[in-house]
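show me how the following folds:
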Amino acid sequence: MKRFGTGRSLRSALTAALCSLFFLLAMGITLMGSGVYRGVAAAAEAHDTQRTALSYVINQVRRAQRVKAGTFGGVPALDLDESGSDCHTVLYVFGGQLCELYAERGTGLGPEDGVPILPLDGLELTAEGELLTVTAVYGGERYSVCVAPRTGLEKTGEVRV
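This next block holds a predicted model:
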């Protein structure tokens, strides 16, 4: 009888040890997986910011009646005219933000008067003929896209608001 009780308690101890080992391994794998997930989510967020910025700028260029590439407050900017209106939209980066300034010409507004849209370190514009290359810089990464505005592209100096 004594031997039967010892075997049962040994099996119970072995079962408890295996369950504890399983629990510890499961927790370790869960913690490792959550670390990987955080890294992937952070990278996806950074790429999403750049994709969103490029998509926004390209869609604004596509809907504009006239597109001019120049500078605004010393930074690269797009001057987008609308048909039948004295108003225009200026897209530029100021203070680490992609900004949009929608105003009537001759108001004298500056880069600080624009509305921040989303975080962006820089916006580079390159005009080659009728093709506009827009490069978004965020977190040390650079993404570019090319677009041919439907009404052509003009190069200008300083954008006047």
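
need the pLDDT of Met47.
Quick fix: residue 47 reads His, not Met. His47 is assigned a pLDDT of 77 by the prediction.

can I assume it sits in a helix?
Yes. Under DSSP: H, G, I helix; E, B strand; the rest coil, His47 falls within a helix.

pull the contacting residues for it.
By Cβ atoms under 8 Å, 6 or more residues apart in numbering, the residues touching His47 are 141, 143. From N, CA and C alone the C-beta is placed, and that goes for glycine too.

hmm, 10 Å instead?
By Cβ atoms under 10 Å, 6 or more residues apart in numbering, the residues touching His47 are 138-139, 141, 143.

next one: Cys87
By Cβ under 10 Å, 6+ apart, the neighbours of Cys87 are 81, 102-105, 107.

can you rerun that using 8 Å?
Listed by Cβ under 8 Å, 6+ apart, the contact set of Cys87 reads 102-105.

now do the helices in this protein.
Along the chain, counting by DSSP state H, helices occupy 2-63.

quick one: the residue nearest the centre of it and Ala43, what's the gap?
By Cα atoms, centre = their mean, the chain has its centre lying nearest to Thr49, at 0.9 Å. Look at Thr49 and Ala43: by Cβ to Cβ, to the nearest Å, they are 11 Å apart.

mind checking how far the residue lying closest to His88 once chain neighbours are set aside is from Cys87?
Residue nearest to His88 in three dimensions, not counting chain neighbours: Asp81, with 4.9 Å by Cβ to Cβ, 6 or more residues apart in numbering. According to Cβ to Cβ, Asp81 and Cys87 sit 8 Å apart.

burial count for Glu124?
Per other Cβ atoms under 10 Å, the neighbour tally for Glu124 reads 14.

over to Val90?
Neighbour tally, Val90, other Cβ under 10 Å: 24.

do Gln60 as well
Around Gln60 there are 15 residues (other Cβ under 10 Å).

same check, this time on the one 3 residues further on
Other residues lying near Arg63 total 12 when counted by other Cβ under 10 Å.

mind listing which of the contacts of Cys87 are in strands?
102-104 (DSSP state E).

of all the residues you listed, which comes closest to Gly70?
Ala103 (15.6 Å; Cβ to Cβ).

for Gly95, see how far away Gly110 is.
Distance from Gly110 to Gly95, by Cβ to Cβ: 12 Å.
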